[in-house]
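**Student:** Need a 3D model of the following:
(chains A and B)
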Amino acid sequence: MKRVNETKEVAGQSPNYLLAKFQALVDWAVNASRANSLWPMPFGTACCAIEFMATAASRYDFARFGMERQAFSPRQADVLICAGRLPFKLAPVIRRIYDQMPQPKWVISMGACASTGGIFDNYAMVQGIDTIVPVDVYVPGCPPRPEGLLYGVLLLHKKIKGESLFDRVPRREEQPLDDRGLRLPPEQIDEISEPFGNSVHQFRSS
Amino acid sequence: MNPTVDALRATFGNAIGRGLESCGDTIVYVAREALLDAMTWLRDTPEQGYDYLVDVTAVEYRDRERLLEVVYQLRSLARRADLRIKVELDPHGDLTVDSVVPLWRGADWLERETYDMFGVTFRGHPDLRRILMWETYAEGYPLRKDFPLRGRFSRAEQVRQALGANPEAHYSMEELSIAEAYDELPADMKERLRHGERGKLPDTE
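**Tutor:** Just a heads-up that it's a prediction; the model follows:
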């Protein structure tokens, strides 16, 4: 992919040197601002939300990383933290919340259930919220300790700092549901929802 | 044996099936035709006084010979006595029992849950709809033994149906109490309500 636009030659320098320097400076400033003032939108549905609260409270205190203000409205949020299992009944709700968040926005899937369905490999549970919304960081654990979530937040910082405003990748464009009403092709959803680990051996009549 | 069982036998005769003690609890099987009468009698007879309906649920056993049971847990607050009433139904036949909502208003949601999970129809229930699963849920009754653990549809189809739901449709026509005002509603709202707020109901039309 072509990183920079064509420019005129500047005397004695490589043609794109100054422009590249300028873009790097802009990216650094923008990404540092974004990464260090993430406003989380907590979507707590289960025990992971308890660990999330512990992470927000004084002992672990993710305000140290610029997450001082929790946005309980999607309109003022940057990062959606899905803490806990997601039943199918809540799928349209989290999708609506995600759609209401302004760009740039990121998603952290906290815990085994949000990431894969976890132990709830049954008729009522979404098998990983990545079938509903795009996910940036998966935090494993059941539930993850506050350190785990903080590590996920720091990974997200790293990811944000690697982004560039000048990339032609449509990373920061809205990705609405397709005309089937799905985010991914159905085969892909079936594939990532397949049982794994212990739940392969889980049977019941029929 | 609990004296209530003998009193029930004396009053209702053959409609009362076997009675047994299990872990200190008294269990009485009642024929489904006599259920409402027996429950009314248990609640209104002063010596019995079972005035509190603790729970309504159902059990389907793994053993296919055994019948599906609808379970009523009763308690007499004054006498501090418990009683468990069971009604046996053929899981492949007619799953209908009389509703006890006329006796205990609290049975309303309990019976809705039993209907939602087992497909037991409660005759005379004022508003028998699904309560845990959404109204347009078309895969069946999840706690029945013939229901596959992961549901009947593929995961992609389940996700598609879930995402197609309207998250703002919390209220049914009954909950909004606009049934009386139905004739004055705008045409598009009438159309929407006819098909259920969350989409087309699987059983209608």
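**Student:** C-alpha only now, for contacts and for neighbours.
**Tutor:** Fine.
**Student:** now the residue nearest the centre of chain B: how far from residue B:37?
**Tutor:** Per Cα atoms, centre = their mean, the C-alpha nearest to the average position across chain B is that of residue B:111, at 2.6 Å. Per Cα to Cα, to the nearest Å, residue B:111 is found 18 Å from residue B:37.
**Student:** which residues does the residue nearest to the centre of chain B contact?
**Tutor:** Listed by Cα atoms under 8 Å, 6 or more residues apart in numbering or on different chains, the contact partners of residue B:111 are B:56, B:57, B:99, B:122, B:128.
**Student:** Run through the bridge partners of the fourth one.
**Tutor:** Taking DSSP bridges as the rule, residue B:122 bridges to residue B:97.
**Student:** Next, report how far whichever strand or helix holds the residue nearest to the centre of chain B is displaced from the centre of its chain.
**Tutor:** Residue B:111 belongs to helix B:107-118 when assigned by DSSP states H and E. On the basis of Cα atoms, centre = their mean, to the nearest Å, helix B:107-118 sits 3 Å off its chain's mean C-alpha point.
**Student:** what's the answer for stretch A:80-97, then?
**Tutor:** For stretch A:80-97, the separation from the chain centroid amounts to 13 Å (computed by Cα atoms, centre = their mean).
**Student:** what sits opposite the most centrally placed residue in chain A in the beta ladder?
**Tutor:** When chain A is reduced to its mean C-alpha position, the nearest residue by Cα atoms, centre = their mean turns out to be residue A:107, at 2.0 Å. Note on residue A:107: beta-bridge partners by DSSP bridges are residue A:80.
**Student:** give the contact list for it.
**Tutor:** Contact partners of residue A:107, counting by Cα under 8 Å, 6+ apart, are A:79, A:80, A:81, A:82, A:134, A:135, A:136, A:137.
**Student:** Give me the distance between it and residue A:155.
**Tutor:** The gap separating residue A:107 from residue A:155 is 12 Å, by Cα to Cα.
**Student:** Enumerate the residues of chain B near chain A.
**Tutor:** Contact residues, chain B versus chain A (Cα under 8 Å from any Cα of the partner chain): B:133-134, B:142, B:145-151, B:154-160, B:162-167.
**Student:** In a strand, residue B:84, correct?
**Tutor:** Yes. Judged by DSSP: H, G, I helix; E, B strand; the rest coil, residue B:84 forms part of a strand.
**Student:** How about the contacts made by residue A:45?
**Tutor:** A:82, A:83, A:84, A:85, A:86.
**Student:** and residue A:40, bridged to which residues?
**Tutor:** Assigned bridge partners for residue A:40, using DSSP bridges, are residue A:79.
**Student:** That one: neighbour count?
**Tutor:** Residue A:40: 25 surrounding residues under other Cα atoms under 10 Å in any protein chain shown.
**Student:** show me the contacts for it.
**Tutor:** Contacts of residue A:40 were listed using Cα under 8 Å, 6+ apart, and they are A:67, A:69, A:70, A:71, A:77, A:78, A:79, A:80, A:81.
**Student:** In contact with the fifth one, which residues are there?
**Tutor:** With contact set as Cα under 8 Å, 6+ apart, residue A:77 has these partners: A:38, A:39, A:40, A:41, A:70, A:71, A:101, A:102, A:105.
**Student:** for the chain, what spans make up the helices?
**Tutor:** With no chain named, the answer covers chain A. For chain A, the helices defined by DSSP state H occupy A:17-35, A:47-56, A:91-100, A:112-116, A:146-161, A:186-192.
**Student:** To clarify, I was referring to chain B.
**Tutor:** B:3-12, B:35-44, B:107-118, B:155-163, B:173-176, B:187-194.
**Student:** show me where pLDDT drops low in chain B?
**Tutor:** Across chain B, the ranges flagged by pLDDT under 70 are B:168-182, B:192-205.
**Student:** can you list the residues of chain A near chain B?
**Tutor:** So far as Cα under 8 Å from any Cα goes, chain A lies against chain B at A:88-93, A:95, A:121-124, A:126, A:131-132, A:180-182, A:186-187, A:189-190, A:193, A:203-206.
**Student:** Generate a PyMOL selection restricted to the buried entries among the residues you listed.
**Tutor:** Applied in PyMOL, the following selects the buried portion of these according to 16 or more other Cα atoms under 10 Å in any protein chain shown:
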select buried, chain A and resi 88+89+90+91+92+93+95+121+122+123+124+126+131+132+182+186+189+190+193
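**Student:** Excluding sequence neighbours, find me the nearest residue to residue 69.
**Tutor:** Since no chain was named, I'll use chain A. The shortest distance from residue A:69 to any non-neighbouring residue, by Cα to Cα, 6 or more residues apart in numbering or on different chains, is to residue A:39 (5.9 Å).
**Student:** please go with chain B instead
**Tutor:** The shortest distance from residue B:69 to any non-neighbouring residue, by Cα to Cα, 6+ apart, is to residue B:88 (4.5 Å).
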